[in-house]
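**Q** Structural data only, the sequence is not supplied:
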């Protein structure tokens with residue numbers, strides 16, 4: 001099996017950021033000492049960010065590789081992807097939404113608390129990769145506005 005690799009060049013990003021900081025410092029009239037201080041801060045920040053990102057990428061890649069080797073790589077259906085997006089969204093707390101997919105058309109049924117939840121659910125379904133159309137059958141249970 002292949003070895004998991006991360007993409008990008010932390011050194012390139014660091015050099016670019018340091019150059020940008022130095023240029024900004026000189027253009028704004030900073031002294032050489034201040035520019036050097038900014039450069040050190042930029043290098044340290046980029047080094048930490050690069051290390052964290054590389055570690056996270058390596059963990060994710062190793063996990064997916066291990067799952068693939070064991071034959072456990074999940075095949076997630078379109079219905080599951082839409083259902084998960086809806087269930088993970090905090091704006092949809094309290095909504096009761098069922099999802100049914102026929103080919104690439106998603107049908108949403110159930111009850112939502114207000115028009116904003118209805119719009120959010122429809123938007124999440126529409127922007128899920130693989131969805132071609134959304135049939136919104138959601139019921140808004142908010143009380144009608146009084147005059």
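**A** Received, thanks. Source: prediction; values computed, not measured.
**Q** Run through this protein and note the low-pLDDT ranges.
**A** Scanning the chain for pLDDT under 70 picks out 1-30, 64, 68-69, 71-75, 146-147.
**Q** again, 80 this time
**A** 1-39, 42, 45-46, 49-54, 56-76, 144-147 (pLDDT under 80).
**Q** tell me the domain boundaries of it?
**A** Listed domain ranges for the chain are 10-70, 78-140 (source: automatic domain parsing).
**Q** Highest mean neighbour count out of those domains?
**A** Ranked by mean neighbour count, the domains of the chain are led by domain 78-140 with a mean of 16 (mean count of other C-beta atoms under 10 Å). C-beta here means a position set from N, CA and C on the backbone, and glycine is covered the same way.
**Q** Helices along the chain, start to end?
**A** 10-27, 32-70, 78-88, 115-126 (DSSP state H).
**Q** could the ones you listed go into a markdown table alongside distance to residue 104?
**A** Output for those, formatted as a markdown table (distance: least, C-beta to C-beta, whole Å):
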| stretch | distance to residue 104 |
| --- | --- |
| helix 10-27 | 39 |
| helix 32-70 | 25 |
| helix 78-88 | 7 |
| helix 115-126 | 11 |
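**Q** Residue 94: which of the ones you listed is closest?
**A** helix 115-126 (8.0 Å; C-beta to C-beta).
**Q** give the contact list for the residue most central in space within the chain.
**A** Centroid-nearest residue in the chain, with C-alpha atoms, centre = their mean: residue 85, separated by 11.2 Å. Going by C-beta atoms under 8 Å, 6 or more residues apart in numbering, residue 85 touches 124-125, 128.
**Q** separation between the closest residue to residue 96 other than its chain neighbours and residue 127?
**A** Sequence neighbours aside, residue 110 is the residue nearest to residue 96 in space, at 4.4 Å (criterion: C-beta to C-beta, 6 or more residues apart in numbering). Computed as C-beta to C-beta, to the nearest Å, the residue 110 to residue 127 distance reads 19 Å.
**Q** thinking again about what came up before, distance check, the residue nearest to the centre of the chain against residue 106.
**A** From residue 85 to residue 106 the distance is 11 Å (C-beta to C-beta).
**Q** same question, residue 118
**A** 14 Å.
**Q** what's stretch 128-135 in contact with?
**A** Contacts to stretch 128-135, defined as C-beta under 8 Å, 6+ apart, come from residues 78, 81-82, 85, 103-108, 122, 125-126.
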